[in-house]
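Participant: the sequence and its predicted three-dimensional model are supplied below.
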Amino acid sequence: MSALGATWPDISFEDRMATVEFRVAPDAHITVDETRCRDCSTRDCITACPANLFVPTADGGILFNYEQCFECGTCYMVCNTEGAISWRYPEGGHGVVFRRT
Amino acid sequence: MPQFDAVVVGAGPAGSAAAVVLARAGRSVCLLERGPFPGSKNMYGGVVYGRILDSLVPHWWDEAPIQRWVTRRATMLLTPTQALTVDFRTEAWGQPPYNGATAYRPDFDSWFAGVAQDAGAVLLTSTTATGLLRDGTRVVGVRTDRPDGDLEAHIVIACDGVNSFLAKEAGLLPPFCAANYTVGVKETLALPREVIDERFGVRGRHGVDFEILGGTQDVPGGGFLYTNLDTLAVGVVLKLPALAAQSKRPEEIVAGLKAHPAIAPLVEGAELKEYSAHLIPEGGFGMMPALSTDGMLVAGDAAATCLAAGIWLEGVNFAIGSGMAAGQAAAEALARHDTSAAGLAGYRQRLESSFVIADHKKLRDVPHLVLSDRVQKQYPGLVCNVVERMFHVDNPAPKPGLRRIARQEIKRAKVRLRDLARDAWIGAKGFG
C-alpha cells in the first residue's frame, strides 16, 4: 500500500453522496440531447462528473440524473458535442446545500 | 423608477463586499442568493486571507466564524513513493491581525452577508437570477424565478460565480476554453480535535495548510490538506480537459492522494462527513472577461479573479477585493448619475491599482506553467530524486557532488536545459 492508485480508505459511491444534502427541485436543470450523445465517441462527462451523474447504457445511450448534482458545471465544460448538455442553475432554494465546505 | 439603486447577484464574498460598500454609501441594495443561505453553494481549497477585510470590518477576527488560524504552511512535492516538504511555521500568524484562516464557507459567507444586511442591504435567498433585463443594450435589472420576480436597478453587479450566466448573457466573456478551468473535489473528514492537534503538531486554534504538487496521477493539477477544528479537508484540483481524457474518476484520484505514504498517516481512520466539488477559474489574467458594460459590472469568480499561481492559491481575498472595487465604482457612478460603461470605467482603474489585477498581471504566465507537463510530471520526480541521493549514504562509496547528481537527474528525467531555463525565467519573472 505504498503507491498512488491504492483506494484505501474509501466508501461506496452511494454512501459518499449520502453525506451531501440535496433539496431536489421538481424540474431538471440539466437536459441531455440523447441523439447527439449516441454519436459521441469520447463521452468525457462520464469520467469527469464528480457526482457520477452520467452513466452509459447498454444500447449506446447515456442515462443521467440531475438530483445529486453539485452544480459545478464540469459536464458542459468538458462536453465536446456542442449543445448536447444544456445546463442552468436549479430553481432558487433547491439543489445542493453545502454545510462544511 | 427602479426598485433598487443596485442589484448584486450572488451573496458570496464578492457580492457581499460590493453590497457592504454600496449600502454604506447610502444606496439601496438588493443582494440575491440562489441557495437557501449564503455559502450553501460555495466550496474552496481552504484558506481565507482576511486582511482585505480590515477596512470593511475592523477587528473582523473577533467576529468572523473561523475554524483555525494557519500558523503552519507547507508545500509538498509528491511522487508515488517520495515526498519533499517545505514546512514553515510562525507564531506571528496565530495572533491579530493574523494571516490565513480556515473556515467553512457556509459559515463565513453567511456571516459576511450579515455584515451587508447590517449595513442596510436587503438579502433575498432562495432566488435564482434567470436573466438580464435590458433597455436596448443597457442592463436595467435581472429576472428572477420568484413570482413577479423582475428586479429593476440602476446597476447590476454580477457576482454569480465561475459559471456566470449573467456575464455570458451580457457577452462579456472571452471565447470559452476548458483548459482555463480545474474542478476541485474535496472530502471533509472528521477526527477528534485532540487527534488533529497531535497529528499536525498544533495547539489551540492554530492550524495547518498543506499545498501539494504531484499526487494527482495522470491529471495535471494539485492537492491540498488543511485542518478545521474537528475535521480535515483533503482534496485535489484537476485540469478539466485532461481529467476527461483519462479513465480515473475524481473520487479515485482523491483516494489515491489519501493513500500516499506521506498523507495516509495524517488522514487514517477519519470519517467522511461531506463530499463536494466546484469549478475553479485558473486561467488568471488571460481569461478575465470585459469587466463592465452599460449598467453592469462583473466581480469575483465570475470575473476569474481567483489566483492559482502554484505557491499562492487565493480566491476569497481576490473576490472580496474585486467586490469592494465594484461597490466603490458603482457608488461613484450612481452619485454622478452615469452608470454607462464609461461611467463605470472607475472599476477597472480601481482593480488595476489594487492587488487584484496587479498580482494577476505579474503572475499571468504562472498558472499555465504550474499546469504544464514539465512542472506536473517531470520536476517533482527530478527534485525528489536529487534530494534522495543527497541524503542517501552509500558507503563505502564516497559522497557524490550535488552538481553531478543534479546533472544526472536532469538527464534521467529527460528535461532539456533550455526548457528548464525558460521555466525558471517565467517563474523568476512572476515570483521575483
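Facilitator: Sure thing, it's come through. Numbers count the residues shown, from 1 in each chain, chains lettered A, B, ... in the order given.

Participant: please name the nearest non-neighbouring residue to the residue positioned nearest the centre of chain B.
Facilitator: By Cα atoms, centre = their mean, chain B has its centre lying nearest to B:G315, at 2.9 Å. Spatial nearest neighbour of B:G315, excluding adjacent residues (Cβ to Cβ, 6 or more residues apart in numbering or on different chains): B:C306 at 4.1 Å. C-betas here are computed from N, CA, C, even on glycine.

Participant: mind checking how far that neighbour is from B:R89?
Facilitator: 26 Å (Cβ to Cβ, to the nearest Å).

Participant: neighbour-wise, which of the two wins?
Facilitator: For B:C306 versus B:R89, neighbours defined as other Cβ atoms under 10 Å in any protein chain shown are more numerous around B:C306 (23 against 16).

Participant: I'd guessed that one sits against B:I280; true?
Facilitator: Yes - the pair B:C306 / B:I280 is scored as a contact, 6.0 Å apart, by Cβ atoms under 8 Å.

Participant: common neighbours of those two, please.
Facilitator: Residues touching both B:C306 and B:I280 (Cβ atoms under 8 Å, 6 or more residues apart in numbering or on different chains) are B:V162, B:G315.

Participant: coming back round to it: please report how far the residue nearest to the centre of chain B lies from B:V356.
Facilitator: Taking Cβ to Cβ, one finds B:G315 at 12 Å from B:V356.

Participant: joint contacts of the two?
Facilitator: Common neighbours of B:G315 and B:V356 are listed as B:T305 (criterion: Cβ under 8 Å, 6+ apart).

Participant: secondary structure element for the residue in chain B sticking out farthest from the centre?
Facilitator: If you look at how far each residue of chain B sits from its centre, by Cα atoms, centre = their mean, the farthest one is B:P396, at 50.2 Å. In the assignment (DSSP states H and E), B:P396 maps to no helix and no strand.

Participant: pull the contacting residues for it.
Facilitator: With Cβ under 8 Å, 6+ apart, B:P396 has no contacts at all.

Participant: just the pLDDT at it, thanks.
Facilitator: We have a pLDDT of 96 for B:P396.

Participant: for A:L63, same thing?
Facilitator: At A:L63, pLDDT is 89.

Participant: and it, its phi and psi?
Facilitator: Backbone torsions for A:L63, taken as degrees, to the nearest 10, come to phi -100, psi 140.

Participant: confirm B:P97 sits in a helix?
Facilitator: No - B:P97: not assigned to a helix; according to DSSP: H, G, I helix; E, B strand; the rest coil it is coil.

Participant: do you have the strands of chain A handy? List them.
Facilitator: For chain A, the strands defined by DSSP state E cover A:21-23, A:30-32, A:54-56, A:62-64, A:85-87, A:95-97.

Participant: am I right that B:L334 is in a strand?
Facilitator: No - judged by three-state DSSP, B:L334 forms no part of a strand; its state is helix.

Participant: domain boundaries for chain B, per the record?
Facilitator: Per automatic domain parsing, the structural domains of chain B span B:4-67+B:103-174+B:288-362, B:179-281, B:372-431.

Participant: including distance to A:F22, could those domains go into JSON lines?
Facilitator: Below are those laid out as JSON lines (distance: least, Cβ to Cβ, whole Å):
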{"stretch": "domain B:4-67+B:103-174+B:288-362", "distance to A:F22": "11"}
{"stretch": "domain B:179-281", "distance to A:F22": "12"}
{"stretch": "domain B:372-431", "distance to A:F22": "34"}
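
Participant: and those: which comes nearest A:R38?
Facilitator: Among these, domain B:179-281 comes nearest to A:R38, with 18.4 Å by Cβ to Cβ.

Participant: where does chain A have low pLDDT?
Facilitator: The model of chain A has pLDDT under 70 over residues A:1-10.

Participant: what are the boundaries of the helices in it?
Facilitator: A:13-17, A:34-38, A:44-48, A:74-78 (DSSP state H).

Participant: which elements pack onto the third one?
Facilitator: The helices and strands touching helix A:44-48, judged by 3 or more Cβ pairs under 8 Å, 6 or more residues apart in numbering or on different chains; DSSP states H and E, are strand A:54-56, helix A:74-78, helix B:240-244.

Participant: which of these sits closest to B:L334?
Facilitator: Among these, the nearest to B:L334 by Cβ to Cβ is helix A:74-78 (35.4 Å).

Participant: alpha carbons only: can I get the closest one in CSV?
Facilitator: Extracted as CSV, the C-alpha positions of helix A:74-78 are listed here (Å, rounded to 0.1, in the frame of the first residue of the first chain):
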residue,chain,number,x,y,z
THR,A,74,-17.8,20.3,-15.3
CYS,A,75,-20.2,18.3,-17.6
TYR,A,76,-21.0,21.0,-20.1
MET,A,77,-17.4,22.4,-20.0
VAL,A,78,-15.9,19.0,-21.0
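
Participant: any idea of the mean pLDDT in stretch B:42-60?
Facilitator: For stretch B:42-60, the mean pLDDT works out to 96.

Participant: is that stretch anywhere near chain A?
Facilitator: Yes - applying Cβ under 8 Å from any Cβ of the partner chain, one finds stretch B:42-60 touching chain A at B:N42, B:M43, B:Y44.

Participant: what sits against the second one?
Facilitator: I take that to be B:M43. A:F98, A:T101, B:R105, B:G184, B:K186, B:S276, B:A277, B:H278.

Participant: how about the residue nearest the centre of chain A, what does it touch?
Facilitator: Against the mean C-alpha coordinate of chain A, by Cα atoms, centre = their mean, the closest residue is A:L53 at 3.1 Å. Listed by Cβ under 8 Å, 6+ apart, the contact set of A:L53 reads A:I30, A:F64, A:N65, A:Y66, A:Q68, A:C69, A:C75.

Participant: same thing but at 10 Å, please
Facilitator: By Cβ atoms under 10 Å, 6 or more residues apart in numbering or on different chains, the contact list for A:L53 reads A:17, A:30, A:32, A:45-46, A:62-70, A:74-75.

Participant: how about the residue of the stretch 1-150 of chain B found nearest chain A: what's its closest non-neighbour residue?
Facilitator: Nearest residue of the stretch 1-150 of chain B to chain A: B:S126, at 3.0 Å (Cβ to the nearest Cβ). In space, and not counting its chain neighbours, B:S126 is closest to A:G93: 3.0 Å by Cβ to Cβ, 6+ apart.

Participant: doesn't B:L32 make contact with the one you found?
Facilitator: No - A:G93 lies out of contact with B:L32 (Cβ atoms under 10 Å); the separation is 11.9 Å.

Participant: wait, B:A325 sits on B:A18?
Facilitator: Yes - assessed by Cβ under 10 Å, B:A325 is found in contact with B:A18 at 8.6 Å.

Participant: who touches both of those two?
Facilitator: Joint contacts of B:A325 and B:A18 (Cβ under 10 Å, 6+ apart) are B:L297, B:A299.

Participant: tally of neighbours for residue 17?
Facilitator: Assuming you mean chain A. Count around A:M17 with other Cβ under 10 Å applied: 18.

Participant: I was thinking of chain B, sorry if that wasn't clear
Facilitator: Neighbour count of B:A17, defined by other Cβ under 10 Å: 31.

Participant: can you tell me the helix or strand for it?
Facilitator: helix B:13-24.

Participant: which regions of the stretch 101-250 of chain B lie under the pLDDT threshold?
Facilitator: For the stretch 101-250 of chain B, no range has pLDDT under 70.

Participant: what sits against B:A14?
Facilitator: Residues near B:A14 by Cβ under 10 Å, 6+ apart: B:8, B:157-161, B:298-303, B:305, B:315-316, B:318-327.
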